[in-house]
Every structure is written in C-alpha cells, then in structure tokens.
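Undergrad: A structural model of the following input is requested.
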Amino acid sequence: MIPGGAEVLLANSLAPGGLNEFAENHLAFFMGPSYLLDRVDKNVTIHHLNYKGVSDILRLVKRINKIIIAHKIDIVHSHLNPAGLYTYLATPKAVKHIHTLHTTYSMDKETSRARLWAEKYLFLLKKDANVILLSDFIKADFLKAIPFKGKSFVLNNFIPDEFFNIKTQDYNPQKKELRLIALGTLKPLKNFEYLIEVFKHLKNENISLDIYGEGDKLPYEQSIKKLGVKVRMMGHVKNITEIIGAYDLFIMPSKFEGFPLSVFEAMAAGLPVMLSDILPLRSIVKEHAVYFKLDDEKAAALKLKDIYYGKTAINDQSSKAKQYALTTATKEKYIKELLNIYDSI
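TA: Down below sits the predicted model:
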C-alpha cells in the first residue's frame, strides 16, 4: 500500500513531541509495513492487522475489538474508508469513536459505491457517529451530502515544524530559469498527466518540472518521452525537506483534494504555490496561490510564462503564504485542538 496524506498526518501526530506526550497511544494499521513507522514515537504500541480484503472483515473487526478491550482504550480514532466503518463496528458502545474524513465527500471518485453505501448506512447515519472534517468547506459539503445526526468538528491538518526552517531564495526572473516541483502519489486524481500536457506549450522556455511520488512511473515517462517535454519523474523521496528549497515554484494539478499537506509544506518553506482552480483548494489556501484551470493547457502554460518572465510577481505571495501556514497548520495547534475534540466527546 502506498501511503498518502492521511497516513503521513497520522505518523506525524504520533512522532516524538506529539500525542504521546499526553496519552498512551496504540497504532493499528490494516496493511504494512511502512517507512512511516520510522517517524512514530518508540513508546507507541504498534499492532499489525494484516488485512487481506473484504473476505477478512469478520476477523479484522474481532481483532480490533480485542485490542480495544485488552488495552482499555478510551477513544478510538480512525482515518480513511473502510477503516472508519470497520473500526466503528469493532468499538464497544462504552468506548468513544471518532473518524477523520480526508476528502471532499461529494467529490470522492476513488472509493467504490459499495464502500460508500456501507459507510453511510452502517456508520455515518448513526446518532453516535463523530467525525472530523479538514476544513469548513469540506464540512459544509459533507453535511449537504449526508443527513448527519452525530457530532462534527473542523480540524486542519498540520505539517512538521522543520518545514518552517527551510531556506528558500526569492525567485529572480533575470536568471532565466524556472524550476517547478510537484509532489503526490502517482494516481489519476493527482492529475500529473495534465501537467505533462501543459509542458507541451513550454518547450521553448527554460521551465522544468520534477514530479516526486510513489507509484508506477512508466506511463508518465512514456508520455514525457513522446512529447519531448522538460519533465522528470523522480520517484519517492524519503525526506522532502532536503530538496524542496532548491525549487522556485510548487505546482499541484489535483482534480480534488481534502487538506493537502504538500501544499502547506511548500508554503511553510517559503515556496510560491500554483494550484488547480478547484473549490476545496481555494477554500483552504485562499489568496495565497496562483490558480489555473484544468481544461485549458495553453492558459496554464501562459501563467507559467508570466511567472518566468516576471509579469506575475510571486515573492510577496510566498512570504504571506508562509505566515498563513504558520497560523493554520502547526503541530502545536493541531495537537491542542485534537485534544479538545477528544475531551468534547
């Protein structure tokens, strides 16, 4: 399984200096192992559930239930589908359960209809359901889609403190080079193939793109070779903090998002960001980005040319975005508000 933003968030929250400073924590994950376990505080107890698929549901639910009872768990916090449903079914009535939804509910095209149906009718429509949404927009979207009767909370994701200490340089159009970075799992919703198409219109400019992320690089590399564009597939990098400062601009072409950590990592590092013009991103990042449409490759390329030639100033934007990230997505703020949510349920 390739970890995404939800798994990264969970690992970061259980890293030294996180939740383990306030409570005894147990981490149970469906499939693994994962390199993210290296981030987790050594005092967190790890449970490998070795989930094998739909036919394994009964064993999985029983295993989770045994863990909860054996360790006298007070609060169970799940992330992603189907973990929310299975964990809800496994949690005794005397124990509180809360689930974080990491996507904009109405835009979720990845989860199967069967899973969404089961999650809705066996979990989300229950009066004792508790959910955390990543932004006010995502909460409004969720409550419009689901006649929810439980408790709902808004809690932004956070990024590790070290991103705020990265040194980046202001972009200087005089150097006649613009280096872009994109981050994300190589899957359709991230829409990296669109960026490759955009770069068809930038062949005569010294503008390049490096895409970092886990997944099958081959289809992308074939398109890059066929089109002859200045794009490279860099694969997975373990510590993005070591390389992000070498770039001039962060770009994200996603079709839909929840609360993308990579955007706030870039903003915290002082890197200007250019994002797909979709409501979830506008609602979270606000005026701190350059936005581009997903149905006009030439227009997106023109926006990059305007940055390259200095017609669109991005340095002021990046300094304001860094301050915005500092007030929105720090670990200290996240842990404090999460503990308040736990208290309230």
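Undergrad: Would you mark the buried spots in stretch 284-294?
TA: In terms of neighbour count (16 or more other C-beta atoms under 10 Å), stretch 284-294 has its buried residues at 284, 285, 288, 289, 290, 291, 292. Where C-beta positions appear, they are placed from N, C-alpha and C, glycine not excepted.
Undergrad: The residues you listed in helices, which ones?
TA: Mapping the buried residues of stretch 284-294 onto helices (DSSP state H) picks out 284, 285.
Undergrad: Would you mind checking which of the buried residues of stretch 284-294 is nearest to residue 77?
TA: The nearest member of these to residue 77, counting by C-beta to C-beta, is residue 284 at 21.7 Å.
Undergrad: Name the nearest residue to that closest one, sequence neighbours excluded.
TA: What sits nearest to residue 284 in space, not counting adjacent residues and going by C-beta to C-beta, 6 or more residues apart in numbering, is residue 135, at 5.2 Å.
Undergrad: so how far is residue 320 from that neighbour?
TA: The gap separating residue 135 from residue 320 is 19 Å, by C-beta to C-beta, to the nearest Å.
Undergrad: Just want to know which of those two has more residues nearby.
TA: Taking other C-beta atoms under 10 Å, residue 135 and residue 320 do not tie; residue 135 has more neighbours (20 against 13).
Undergrad: Walking through the stretch 1-150 of the chain, point out its strands one by one.
TA: Using DSSP state E, counting those that start in this stretch, the strands of the stretch 1-150 of the chain run over 26-29, 45-48, 75-79, 96-100, 130-133.
Undergrad: Quick check: which of those is nearest to residue 210?
TA: Nearest of the strands of the stretch 1-150 of the chain to residue 210, taken as C-beta to C-beta: strand 75-79 at 28.9 Å.
Undergrad: what packs against that closest one?
TA: Strand 75-79 is packed against helix 5-13, helix 83-90, strand 96-100, with contacts defined by 3 or more C-beta pairs under 8 Å, 6 or more residues apart in numbering; DSSP states H and E.
Undergrad: now with 10 Å?
TA: helix 5-13, strand 26-29, helix 57-70, helix 83-90, strand 96-100, strand 130-133, helix 331-344 (3 or more C-beta pairs under 10 Å, 6 or more residues apart in numbering; DSSP states H and E).
Undergrad: Let me see the ranges of the helices in this protein.
TA: Assigned helices in the chain, in chain order: 5-13, 57-70, 83-90, 113-119, 136-145, 192-198, 218-227, 261-268, 279-285, 297-308, 315-328, 331-344 (criterion: DSSP H).
Undergrad: Please identify the most buried of the ones you listed.
TA: helix 261-268 (a mean of 27; mean count of other C-beta atoms under 10 Å).
Undergrad: quick one, it and helix 5-13 angle?
TA: Using axes from the mean of the first three to the mean of the last three C-alpha atoms, to 10 degrees, the direction of helix 261-268 lies 60 degrees away from that of helix 5-13.
Undergrad: Export only the CA atoms of helix 261-268, formatted as CSV.
TA: Extracted in CSV, the C-alpha atoms of helix 261-268 (Å, rounded to 0.1, in the frame of the first residue of the first chain):
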residue,chain,number,x,y,z
LEU,A,261,-0.1,18.5,3.3
SER,A,262,2.3,19.1,0.4
VAL,A,263,0.8,22.5,-0.4
PHE,A,264,1.3,23.7,3.2
GLU,A,265,4.8,22.1,3.3
ALA,A,266,5.7,24.3,0.3
MET,A,267,4.1,27.4,1.8
ALA,A,268,5.8,26.8,5.1
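Undergrad: angle of it against helix 315-328?
TA: Going by the same axes, to 10 degrees, helix 261-268 makes 120 degrees with helix 315-328.
Undergrad: Which strands or helices does helix 261-268 pack on?
TA: With contacts defined as 3+ C-beta pairs under 10 Å, 6+ apart, helix 261-268 has these neighbours: helix 5-13, strand 178-183, strand 249-252, strand 273-276, helix 279-285, helix 315-328.
Undergrad: could I get the ones you listed as CSV with mean pLDDT?
TA: Below are those laid out as CSV (pLDDT from 0 to 100):
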stretch, mean pLDDT
helix 5-13, 89
strand 178-183, 97
strand 249-252, 98
strand 273-276, 98
helix 279-285, 93
helix 315-328, 93
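Undergrad: Of the helices of the chain, which is nearest residue 155?
TA: helix 331-344 (5.5 Å).
Undergrad: which residues touch residue 292?
TA: Residue 292 sits next to 194, 198, 251-253, 274-277, 299-304 when contact means C-beta atoms under 10 Å, 6 or more residues apart in numbering.
Undergrad: Apply 8 Å and report the result again.
TA: 253, 274, 275, 276, 277, 299, 300, 303 (C-beta atoms under 8 Å, 6 or more residues apart in numbering).
Undergrad: ok, now residue 95?
TA: Applying C-beta under 8 Å, 6+ apart, one finds that residue 95 lies in contact with 68, 73, 74, 75, 76.
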